[in-house]
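Engineer: pasting the structure only:
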């Protein structure tokens, strides 16, 4: 049996989180709060799974600097195997400037740094082949995107792929992403990204992804769609001919308008359920629960719970 269940491959960034009065396209505004923390989409999800007790590892690249060392330390604190993270001499660790305002709007600016130097030679295929799942998220440079495509083609079918393309990959379009989507078992994508990826509404777009070979498409809906019961649907799941809209349990938690990492946290809960062989509705409900824990704190990771915390009544 593999000692590592899920290996993440994606950008490693230091997030600079700024809460502002208003995101403006031209002019000035006031910064209410600023905070820095380790980030990166797949790294956040792997961190969250490890904090819940799952055996995880990560593959990526950092600079030989304090921010890179802090990124590794943060992952190791919760038990992530960081042996496959490569240090790139003479380069800076990637960073992301994340702006959020009181209306819940976000804007993210990425400086890739060492992430752009991850090479195929940095990937130990024998190591990856031993995992149950590989969780992919975006890089800024096409070279790493092509490495992920090559990896997907070389992985045995016994290793399932979950994929969170984010907007950086969604804007490439469905044709460009098709080599990855064909091999994807679980696609994690939000409503806006799906519309950008496919040029269609999220339900039609999800079916397009299924046609390409995705087994399960998970669309998060942000603030949600109104349900007949008076609640909100915050995710949509599509698998074969089955469709589910999942109603949020958000009334159980105090949330925060700063939503950085909410999608990464949803993937944590969904993958936890998947690894525990829960049905898709239960997986999505776990995703909703973990996402709302994450939303209770500023940033992607601070609010992520331990397993004992989510087991409490």
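Structural biologist: Yes, it's here. All figures in this text were calculated on a predicted structure; none of them were measured in a lab.
Engineer: every contact and neighbour count from this point should use C-alpha atoms.
Structural biologist: Noted.
Engineer: pLDDT below threshold where in this protein?
Structural biologist: Low-confidence segments of the chain, defined by pLDDT under 70, span residues 1-2, 223-231, 249-260, 312-313.
Engineer: would you map the strands across it?
Structural biologist: 6-9, 13-20, 31-39, 56-63, 81-88, 94-101, 106-111, 133-137, 160-164, 186-190, 216-226, 232-239, 242-247 (DSSP state E).
Engineer: tell me who's in contact with the nearest residue to residue 279 once chain neighbours are set aside.
Structural biologist: Take residue 279 and drop its neighbours on the chain: the residue closest to it by C-alpha to C-alpha, 6 or more residues apart in numbering is residue 273, 7.7 Å away. By C-alpha atoms under 8 Å, 6 or more residues apart in numbering, residue 273 lies in contact with 279, 282-284, 286.
Engineer: could you do residue 95 as well?
Structural biologist: 12-16, 110-113.
Engineer: do you know how far the most centrally placed residue in the chain is from residue 120?
Structural biologist: Note on the chain: the residue nearest the mean C-alpha position is residue 264, at 3.5 Å, using C-alpha atoms, centre = their mean. Note on residue 264: its distance to residue 120, by C-alpha to C-alpha, to the nearest Å, is 25 Å.
Engineer: do residue 293 as well
Structural biologist: Residue 293 is 36 Å from residue 120, by C-alpha to C-alpha.
Engineer: and residue 278, by the same measure?
Structural biologist: Separation of residue 278 from residue 120 (C-alpha to C-alpha) stands at 34 Å.
Engineer: helices of the stretch 201-313 of the chain, start to end?
Structural biologist: 202-212, 262-275, 280-294, 307-311 (DSSP state H, counting those that start in this stretch).
Engineer: now for the contacts of residue 95: which two are most distant?
Structural biologist: Across these, no pair lies farther apart than 16 and 113, at 14.6 Å, counting by C-alpha to C-alpha.
Engineer: number of residues surrounding residue 201?
Structural biologist: Neighbour count of residue 201, defined by other C-alpha atoms under 10 Å: 13.
Engineer: what residues are up against it?
Structural biologist: Residue 201 makes contact with 191, 194-195, according to C-alpha under 8 Å, 6+ apart.
Engineer: which one of the residues you listed is nearest residue 130?
Structural biologist: For the contacts of residue 201, the residue nearest residue 130 by C-alpha to C-alpha is residue 194; the value is 31.0 Å.
Engineer: isn't the closest one right up against residue 202?
Structural biologist: Yes - using C-alpha atoms under 8 Å, residue 194 makes contact with residue 202 at a distance of 5.6 Å.
Engineer: okay, and the common contacts of the two?
Structural biologist: With contacts defined as C-alpha under 8 Å, 6+ apart, the residues shared by residue 194 and residue 202 are residue 219.
Engineer: neighbour count for these two, which is higher?
Structural biologist: For residue 194 versus residue 202, the count of surrounding residues by other C-alpha under 10 Å is larger for residue 194: 28 against 23.
Engineer: burial of residue 206, as a residue count?
Structural biologist: So residue 206, with other C-alpha under 10 Å, has 26 neighbours.
Engineer: swap in residue 209?
Structural biologist: By the criterion of other C-alpha under 10 Å, residue 209 has 24 neighbours.
Engineer: could you find the closest non-adjacent residue to it?
Structural biologist: Leaving out its chain neighbours, the residue that sits closest to residue 209 by C-alpha to C-alpha, 6+ apart is residue 181, at 6.9 Å.
Engineer: identify each buried residue in stretch 192-210, please.
Structural biologist: Buried residues in stretch 192-210, defined by neighbour count with 16 or more other C-alpha atoms under 10 Å: 192-198, 202-203, 205-210.
Engineer: how far away is residue 12 from residue 160?
Structural biologist: From residue 12 across to residue 160, the span is 22 Å (C-alpha to C-alpha).
Engineer: compare these two (neighbour count), which wins?
Structural biologist: Using other C-alpha under 10 Å as the criterion, residue 12 and residue 160 rank with residue 12 on top: 32 against 19.
Engineer: hmm, who's touching stretch 83-90?
Structural biologist: Contacts of stretch 83-90 (C-alpha under 8 Å, 6+ apart): 57-64, 114, 117-118, 122-124.
Engineer: among those, which two are most distant?
Structural biologist: 64 and 124 (20.9 Å).
Engineer: who has more neighbours out of these two?
Structural biologist: The neighbour count for residue 64 versus residue 124, taken as other C-alpha under 10 Å, is higher for residue 64 (17 against 11).
Engineer: what sits against the more buried one?
Structural biologist: Residues near residue 64 by C-alpha under 8 Å, 6+ apart: 87-93.
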